[in-house]
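**Q** Generate coordinates for the sequence data below:
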Amino acid sequence: MTAAPAGGGRPHLILASASPRRSEILRRLGLSHQIRPAHIDETPRPGESPAALTERLARAKAEAVLALTEGVPVVGGDTVVAVDGEILGKPTDPDDARAMLLLLSGRDHHVYSGLALATVSPGGDVRTVSGIRTTRVRFRPFDAATAAAYAATGEPMDKAGAYGIQGLGSVLVDEIEGDYSGVVGLPISLLIRLLGEVGAPYRFPPFVPGG
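**A** Next comes the predicted model:
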């Protein structure tokens, strides 16, 4: 449930997500964190664009969890995959995953990764800064048997667009233009920018030989 600093000290951040991929990115950056998933309504609003949706949900997740913390900044994230303006969420079952994958086969799609950082001042004022990264991904052409075989691995089932670019889904990718970490789920450059905006600039962790 938590990824706290050695010795049990105060974490740098709270992660308002149960995503192991987001947690791993924070860990690799040396940012100790606790995991407190947000539970919000993620239904798109009528006419809402993929970019607007992902930034709104990232902010809502961060602010929902901030109310439960003790002054530690909260990171909220959301990722949306869209093709021709159609939002592809997480598949409901293997058949749904296969259909999504075949829709993307041989085509470009866009991954919108929203990130928000919510903080509270000593006086109790809440401040949330946020942004999005958009990345174009092209899949190589593949057939229904390939889509079914990948769906059968189980990897697509908890991922927007039914694939994980950091896992087996990487074999489906022909080209990427933009932020790879955003496709994984947490755009690093955006996180660093937001930390600076709230007065908590990123600092490299100490080098540990053999670590």
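
**Q** any idea which residue sits dead centre in this structure?
**A** In the chain, the C-alpha nearest the mean C-alpha coordinate belongs to G185, at 2.5 Å (C-alpha atoms, centre = their mean).

**Q** Quick check, that one in contact with G76.
**A** No. Between G185 and G76 there is no contact, the gap being 11.6 Å when judged by C-beta atoms under 8 Å. For glycine as for every other residue, the C-beta is placed from the backbone atoms N, C-alpha and C.

**Q** all strands of the protein, in order?
**A** Secondary structure of the chain, counting by DSSP state E: strands at 2-3, 13-15, 33-35, 74-83, 86-88, 108-120, 126-139, 173-177.

**Q** centre of the chain versus the second one, how much separation?
**A** Strand 13-15 has its average C-alpha position 13 Å from the chain's average C-alpha position, going by C-alpha atoms, centre = their mean, to the nearest Å.

**Q** got the contact list for it?
**A** Under the contact criterion C-beta atoms under 8 Å, 6 or more residues apart in numbering, strand 13-15 has outside partners 3, 22-23, 26, 31-36, 65-66, 69, 72-75.

**Q** State the distance from the residue lying closest to G131 once chain neighbours are set aside to S113.
**A** In space, not counting the residues next to it along the chain, G131 is nearest to L190; the distance is 5.2 Å by C-beta to C-beta, 6 or more residues apart in numbering. If you measure L190 against S113 using C-beta to C-beta, to the nearest Å, the figure is 8 Å.

**Q** okay, those two: which has more neighbours?
**A** The residue with more neighbours, out of L190 and S113 and counting by other C-beta atoms under 10 Å, is S113; that gives 28 against 22.
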